[in-house]
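K.L.:
quick one, what's the 3D model for this:
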Amino acid sequence: MPHLALYNFNNFRVPSQESANRGFHDRNDVNFAAAELSEGFVARSGHPDEPGPESWGEQVYPRFHVENGDGWAPATLSLWRDLPALFAFSYAGIHAEALRNARQWFDRQAWPTYALWWVEEGHIPEWREGVDRLEHLHDHGPSPHAFDFKRSFDPAGNPTTVDHDAVKRCREANERAQARLVDTV
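P.N.:
Next up is the predicted model:
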């Protein structure tokens, strides 16, 4: 069974450790915990030199990276069961609360901030693969090679849409699983 890969990336408006980014950092571990408790979550890459899961290769950034003097930018790489599971995590619950606050930390970009693609079960994408898919999405638009939620593709490469009934079921399961985390945000 294929898995859905997600690479997401953005640049902070100011260096990472500035107080303006505190809200992001305060939510970061909670968002990772929420993802790991979410329906359809498979696995995620850790970051080099940080506690947690092993890093899936050397961490690299897309050409859109703006160096703020700290050599770092927010990026994630993860695997999910399917589109509804990832959509439910992304746009509801704890992560959705972080998205509502994103304009405090990030500028609106002219390039995509995430890319989705299908991988065979057992394939662990490396950071470079995520970067390549994001840049491909920017350069060529959505295709089976790299896409977004607005123009999605199924594992066979056919255009598809997100099943919102399945999203609702995932969202309800996530709410129950993540209930203990809500008070920590």
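K.L.:
what comes up buried for stretch 123-133?
P.N.:
125-127, 129-133 (16 or more other CB atoms under 10 Å). (Glycine included, C-beta is placed from N, CA and C.)
K.L.:
my bad, stretch 8-22
P.N.:
8-12, 16, 21.
K.L.:
quick one: contacts for Ala146?
P.N.:
115-117, 133-134, 136-137, 140 (CB atoms under 8 Å, 6 or more residues apart in numbering).
K.L.:
got TSV for the buried residues of stretch 8-22, with distance to Leu37 and secondary structure too?
P.N.:
As requested, the buried residues of stretch 8-22 are exported to TSV (distance: CB to CB, whole Å; DSSP: H, G, I helix; E, B strand; the rest coil):
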residue	distance to Leu37	secondary structure
Asn8	19	strand
Phe9	23	strand
Asn10	23	coil
Asn11	28	coil
Phe12	26	coil
Ser16	26	coil
Asn21	25	helix
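K.L.:
and which of these is nearest to Asp49?
P.N.:
Of all the buried residues of stretch 8-22, Asp49 sits closest to Ser16, with 14.2 Å by CB to CB.
K.L.:
how about the helices of this structure, start to end?
P.N.:
Along the chain, the segments classed as helices by DSSP state H run 22-37, 83-90, 93-100, 127-140, 164-182.
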